[in-house]
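Asks: with the sequence up front, the predicted model follows.
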Amino acid sequence: MYAADTHCHLDDPAFAPDLAEVIQRAAEAGVRPIVAPAESLPSAKRILEIAAVHPSVLPCVGVHPHKAQSFDESQMPLFESMAARPEVVGIGEIGLDYYYEFSPPDTQMRTLSFFLEMAARLNKPACLHVRDKSGESRAVDDLLGALRPLAGRLRGVVHCFSGGLEDARRILDLGLHLSFTGILTFKNASALRDVFARLPADRILLETDAPYLAPDPHRGHRNEPMFLTRIFTLSAGLLRLAEPDWSDRLRLNQTQVFGRACA
């Protein structure tokens with residue numbers, strides 16, 4: 001198997017005791033490279049430090065919607081400088097989260113708009129987060145509204161997708177990709193598996209979102225990139241693809257979003 005983990009929080013304190021071993025285990029399992037998004041300015045600095053030591057780690061810079069209140073205009077020049085660095089493969093994790101609303105929606109939108117414009121200007125993909133309250137679609141609606149003016153200028157991926165087929169199609173219609181986590185393996189995720197099986201294989205990425213969302217049978221424990229193998233095997237079966245063919249397809253998809261560094 002070969003596939004990239006397209007979303008893993010390697011700067012999380014959960015990885016501090018054995019980060020090098022985590023990255024090595026992933027490589028031995030065929031999981032490489034690892035795309036590492038940031039959540040804030042300190043997080044972005046740490047991700048860049050990790051990537052400087054570990055060539056298989058591809059950094060992204062951005063501000064998570066949970067941390068939108070921590071972002072202000074004084075940080076803009078530094079983020080611009082970091083984002084322009086050639087080793088930075090994407091802008092993220094950015095987006096909207098109306099489930100928790102740790103930051104007010106208007107603050108989230110202002111922060112998102114800044115980073116979307118930067119991504120389009122620098123021709124780097126956006127790593128997007130979107131989460132609604134149960135039964136609502138305001139966050140998805142608002143995210144798509146922010147993306148439409150940039151259609152044709154911006155590529156990207158909505159990470160950790162767990163929504164329905166209608167939302168998936170709306171996102172794909174804007175030229176974006178969808179990324180799936182270990183949620184696919186959960187016993188109560190049959191609806192998501194049904195959605196996944198109906199999507200075009202050339203618009204899908206895989207991720208762990210580690211240290212969160214460990215796939216079965218590791219659920220409840222710390223997740224790490226090597227567990228992508230479980231998601232890979234299940235997803236190949238859902239798409240009725242031979243694993244070598246699925247690996248080749250993922251390589252193309254990853255490259256389309258993140259460039260040659262993710263090939």
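Replies: Arrived safely. Numbering: from 1, shown residues only.

Asks: OK, contacts around residue 155?
Replies: Applying Cβ atoms under 8 Å, 6 or more residues apart in numbering, we find residue 155 in contact with 125-126, 175-177, 256-257. For every residue, glycine as well, the C-beta is placed using N, CA and C.

Asks: and the longest helix for the chain?
Replies: helix 105-122 (DSSP state H).

Asks: so residue 205, which of the three states?
Replies: Following DSSP: H, G, I helix; E, B strand; the rest coil, residue 205 is assigned to strand.

Asks: which pLDDT does the model give the closest residue to it other than its chain neighbours?
Replies: Nearest residue to residue 205, sequence neighbours excluded (Cβ to Cβ, 6 or more residues apart in numbering): residue 179, at 4.0 Å. In the predicted model, residue 179 carries a pLDDT score of 99.

Asks: what comes up buried for the helix or strand that residue 179 is a member of?
Replies: For residue 179, the host element (DSSP states H and E) is strand 177-180. The neighbour-count check on strand 177-180 (16 or more other Cβ atoms under 10 Å) flags 177-180 as buried.

Asks: neighbouring strands - and their directions - for it?
Replies: Paired strands of strand 177-180, with direction, are strand 156-158 (parallel), strand 204-206 (parallel) (DSSP bridges).

Asks: pull the CA atoms of that strand into CSV?
Replies: Taking C-alpha atoms only, strand 177-180 is exported to CSV below (Å, rounded to 0.1, in the frame of the first residue of the first chain):
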residue,chain,number,x,y,z
HIS,A,177,-11.9,17.2,-3.1
LEU,A,178,-13.3,15.4,-0.1
SER,A,179,-11.1,13.6,2.5
PHE,A,180,-12.2,10.8,4.8
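
Asks: what does that strand contact?
Replies: For strand 177-180, the external contacting residues (Cβ under 8 Å, 6+ apart) are 6-7, 155-161, 168, 171-172, 192, 196, 199, 203-207, 231, 235, 253, 256-257.

Asks: of those residues, keep whichever come out buried.
Replies: Applying 16+ other Cβ under 10 Å to the contacts of strand 177-180 flags 6-7, 155-161, 168, 171-172, 192, 196, 199, 203-207, 231, 235, 253, 256-257 as buried.

Asks: circling back: would JSON lines of the strands paired with strand 177-180 with mean pLDDT be doable?
Replies: Output for those, formatted as JSON lines (pLDDT from 0 to 100):
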{"stretch": "strand 156-158", "mean pLDDT": "98"}
{"stretch": "strand 204-206", "mean pLDDT": "99"}
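
Asks: want to try TSV for those strands, with distance to residue 25 as columns?
Replies: Shown next, in TSV, are these (distance: least, Cβ to Cβ, whole Å):
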stretch	distance to residue 25
strand 156-158	24
strand 204-206	17
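
Asks: so which of those strands comes closest to residue 80?
Replies: Residue 80 lies closest to strand 156-158 among the strands paired with strand 177-180, at 18.2 Å (Cβ to Cβ).

Asks: for the closest one, what is the distance to the chain centroid?
Replies: Taking Cα atoms, centre = their mean, to the nearest Å, the mean C-alpha location of strand 156-158 is offset from the chain mean by 7 Å.

Asks: can you check what angle separates the next helix or strand after the longest helix of the chain from helix 105-122?
Replies: Proceeding N to C from helix 105-122, the next assigned helix or strand is strand 126-131, under DSSP H and E. Here the directions of strand 126-131 and helix 105-122 differ by 160 degrees (axes from the mean of the first three to the mean of the last three Cα atoms, to 10 degrees).

Asks: which strands and helices sit next to strand 126-131?
Replies: Applying 3 or more Cβ pairs under 8 Å, 6 or more residues apart in numbering; DSSP states H and E, one finds that strand 126-131 contacts strand 90-97, helix 105-122, helix 138-147, strand 156-158.

Asks: turn those into JSON lines, including distance to residue 72.
Replies: Converted to JSON lines, the helices and strands packed on strand 126-131 look like this (distance: least, Cβ to Cβ, whole Å):
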{"stretch": "strand 90-97", "distance to residue 72": "15"}
{"stretch": "helix 105-122", "distance to residue 72": "9"}
{"stretch": "helix 138-147", "distance to residue 72": "20"}
{"stretch": "strand 156-158", "distance to residue 72": "24"}
